[in-house]
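Asks: give me a 3D structure for the following:
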Amino acid sequence: MNRETYVLIENYMRSCMEDSAHDQEHIYRVLYNALDIAKTEKNVNYDILIAACLLHDIGRKEQFENPALCHAKVGSDKAYHFLTEHGFPSDYAEQVKQCIRTHRYRRDALPQSLEAQILFDADKLDVAGAIGIARTLVYKGAISEPLYSVSPNGEVLTGENDTTPSFFQEYKYKLEKLYSNFYTKRAAEMAKERQQNAVDFYNALFREVSTPYQSGKNELEKRLE
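Replies: Prediction:
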């Protein structure tokens, strides 16, 4: 891929990105992680991989406005139309489309090509470790969801088996469980390096918010007549 082509695709990506948790810096992190992973694989088509990484989240705006839509499906269609309208071969555009279509975990749309699997892994890595925690907190704040839920008897819930949306619920439902099932060995190694950062943060935050509830309620009772 020459620089002119890269800039063309990059500028289109930038015009589509409005979600603070899935902003253009997320795109670059995914791209750079993908390039790191690709170095350890054979016969990677970098023209397909780079374009797919740049364009993989261009359907986010549509999904945010209508949650019934899948950003991977919307984005893959947008990418195909953009590429073909700008003179790229339809076969190339279709391969990029399929990478984008399968980058989101869905049992009915698993990544098949090497480039699609690398994109999947690179995107998944950006939900791992400290960066995954930070992005989740940004997103939860943007949609006005709390850090945690409290039980009827006044105890902070861990998030496990909790149906009420919160950061703790998202951690237990998704973030805690994403450190397996990578397609590439390099991505699995990178995820393992990040895992303890996420565990330590969750444990520290839970202690800091739950301890005052435990001791504070008792202290309050002493002060109330």
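
Asks: what residues sit buried inside the helix or strand containing R135?
Replies: Using DSSP states H and E, R135 maps to helix 129-142. Neighbour counts over helix 129-142 (16 or more other CB atoms under 10 Å) mark 129, 131-133, 135-137, 139-140 as buried. The C-beta positions use only the backbone N, C-alpha and C, and glycine is treated the same way.

Asks: check stretch 173-184 too.
Replies: Buried residues in stretch 173-184, counted by 16+ other CB under 10 Å: 175, 178-179, 182-184.

Asks: which other residues reach it?
Replies: 37, 40-41, 111, 117-118, 120-121, 124, 127-128, 132-133, 136, 159, 188, 191-192, 195, 198-199, 202 (CB atoms under 8 Å, 6 or more residues apart in numbering).

Asks: which of the residues you listed count as buried?
Replies: For the contacts of stretch 173-184, buried by 16+ other CB under 10 Å: 37, 41, 111, 117-118, 120-121, 124, 127-128, 132-133, 136, 159, 188, 191, 198, 202.

Asks: which of these fall within helices?
Replies: Taking DSSP state H as the definition of helices, these contribute 37, 117-118, 120-121, 124, 132-133, 136, 188, 191, 198, 202.

Asks: can the residues you listed go into a markdown table with extra columns for pLDDT?
Replies: Shown next, in a markdown table, are these (pLDDT from 0 to 100):
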| residue | pLDDT |
| --- | --- |
| I37 | 98 |
| Q117 | 97 |
| I118 | 98 |
| F120 | 97 |
| D121 | 97 |
| K124 | 95 |
| G132 | 94 |
| I133 | 95 |
| T136 | 93 |
| A188 | 96 |
| A191 | 96 |
| A198 | 96 |
| Y202 | 96 |
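
Asks: ok, which stretches of the chain are strands?
Replies: Under the criterion DSSP state E, the chain carries no strands.

Asks: what about it, any weak spots by pLDDT?
Replies: For the chain, residues meeting the criterion pLDDT under 70 lie at 19-21, 225.

Asks: which ones are touching the residue nearest the centre of the chain?
Replies: Nearest to the mean C-alpha position of the chain, by CA atoms, centre = their mean, lies V127 at 4.6 Å. V127 sits next to 135-136, 174-175, 178 when contact means CB under 8 Å, 6+ apart.

Asks: now do the helices in the chain.
Replies: 3-16, 24-38, 46-55, 60-65, 71-85, 90-101, 114-125, 129-142, 167-173, 185-223.

Asks: list the buried residues for the third one?
Replies: Along helix 46-55, the positions that meet the burial threshold by neighbour count (16+ other CB under 10 Å) are 47-55.

Asks: and for stretch 3-14?
Replies: For stretch 3-14, a neighbour-count test (16+ other CB under 10 Å) marks 8-10, 12-13 as buried.

Asks: can you redo those as JSON lines with distance to H103?
Replies: Listed next are these as JSON lines, based on distance: CB to CB, whole Å:
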{"residue": "L8", "distance to H103": "21"}
{"residue": "I9", "distance to H103": "16"}
{"residue": "E10", "distance to H103": "18"}
{"residue": "Y12", "distance to H103": "17"}
{"residue": "M13", "distance to H103": "14"}
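
Asks: for the buried residues of stretch 173-184, which two are the farthest from each other?
Replies: Greatest spatial distance among these (CB to CB): L175 and T184, at 20.2 Å.

Asks: and P152, how many neighbours?
Replies: P152 has 5 neighbours, counted by other CB atoms under 10 Å.
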